[in-house]
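Just to be clear, the model below is a prediction. Sequence and coordinates:
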2 protein chains.
Amino acid sequence: MIGDEQLDATFSALAHPTRRAILVRLAQGSATVNELAEPFDATLPAISKHIRVLEAAGLVTRGKEAQFRPCALDTKPLEAVASWTDQYRFIWEARFDAMDRLLNGMKGTPNE
Amino acid sequence: MIGDEQLDATFSALAHPTRRAILVRLAQGSATVNELAEPFDATLPAISKHIRVLEAAGLVTRGKEAQFRPCALDTKPLEAVASWTDQYRFIWEARFDAMDRLLNGMKGTPNE
DNA sequence: TCATTATTAAACTAGTTGGTTAATTAATCA
DNA sequence: TGATTAATTAACCAACTAGTTTAATAATGA
């Protein structure tokens, strides 16, 4: 199970496009801070702070190799997000099913 | 498809426990602002502001009935979150599969 | 009309966020 | 050792967030 505070940290980490872009990059494998910073206009300290936020949320783990501090993705908090959203899935699937019945002209509704 | 800004708004709306609790309540059906505020210690204006944030993210839609402004859940942004997290699913499923092979003593790995 | 109920607006505050530049730490390399 | 490279820390700032209290709006009901 995942606590409220863990979800707070995860959602707020995911709320920034730069941080989401960093995660997309890390999905392809580990990278150093400089490598991660390269595609962005922001300064290195700014990226460093974003990485910290991701780390605090448990989305990124860090190693230590020579003068590099390689970052790696940890998907556990994303699994937690996925199972949180799953609690609403029945609602949008119900909506989808209703749409589907409508489009197919089959009324599987109570009054038939 | 969903833009970056839409995801920003959605994730940051979901980053607050009070707002997530409001959504849980709304999953059971529409409610007025006062009904939504009832379980919390916060003042009514505070809850009103939270609802606005949810509304701005498209997670809540509002009606107008007499002096009530009933809130209803809209799951579209949650679907967007679910499909965003899905792009990482292969990673955690790979991890799960590896764990599974390990526990079952079957080495389906390259060197065999 | 007047009082009540539901909700929002206004004004303010403390704390956080996201960014900057300049300085510092720490490891490698010549 | 000294220079270079990688990354963080410090100090600062503007904008935003989450909350408050008090006041206003708007519809209902006596």
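Cool, the structure landed. Bear in mind the structure is a predicted one, so any value in this text is a computation, not a measurement.

so, in contact with DNA strand C or not, stretch A:28-40?
No: using C-beta under 7 Å from any atom of the strand, stretch A:28-40 stays clear of DNA strand C, coming no nearer than 8.4 Å. (Each C-beta comes from the backbone N, C-alpha and C, glycine too.)

for the helix of greatest length in chain A, packing partners?
Longest helix of chain A, by residue count under DSSP state H: helix A:89-104. Helices and strands touching helix A:89-104, by 3 or more C-beta pairs under 8 Å, 6 or more residues apart in numbering or on different chains; DSSP states H and E, are helix B:76-86.

Which other helices and strands does the helix it packs on contact?
Looks like helix B:76-86 contacts helix A:76-86, helix A:89-104, helix B:4-14 (3+ C-beta pairs under 8 Å, 6+ apart).

out of the ones you listed, nearest to DNA strand D?
DNA strand D sits nearest to helix B:4-14 of all the helices and strands packed on helix B:76-86, at 6.0 Å, using C-beta to the nearest atom of the strand.

Enumerate every residue touching the one residue sitting closest to the centre of chain A.
Nearest to the mean C-alpha position of chain A, counting by C-alpha atoms, centre = their mean, stands residue A:78 at 5.1 Å. Residues near residue A:78 by C-beta atoms under 8 Å, 6 or more residues apart in numbering or on different chains: A:10, A:59, B:85, B:88, B:92.

for those, which one is nearest DNA strand C?
residue A:10 (12.3 Å).

Can you give me the neighbour number for that closest one?
25 (other C-beta atoms under 10 Å in any protein chain shown).

what does chain A have sitting close to DNA strand D?
Checking chain A against DNA strand D by C-beta under 7 Å from any atom of the strand, the hits are A:32-35, A:44-45, A:48-49, A:51-52, A:62, A:67-70.

circling back to that earlier point, now do the residue nearest to the centre of chain A, the pLDDT please.
pLDDT recorded at residue A:78 is 98.

Pipe the contacts of residue A:78 into JSON lines and attach pLDDT per row.
Compiled in JSON lines, those are given as follows (pLDDT from 0 to 100):
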{"residue": "A:10", "pLDDT": "98"}
{"residue": "A:59", "pLDDT": "98"}
{"residue": "B:85", "pLDDT": "98"}
{"residue": "B:88", "pLDDT": "97"}
{"residue": "B:92", "pLDDT": "93"}
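
So what's the residue count around residue A:6?
For residue A:6, using other C-beta under 10 Å, the count is 15.

biggest separation within the residues of chain A next to DNA strand D, which pair?
A:49 and A:67 (19.4 Å; C-beta to C-beta).

The two: who's more crowded?
When neighbours are counted by other C-beta under 10 Å, residue A:49 and residue A:67 differ, and residue A:49 comes out ahead with 13 against 6.
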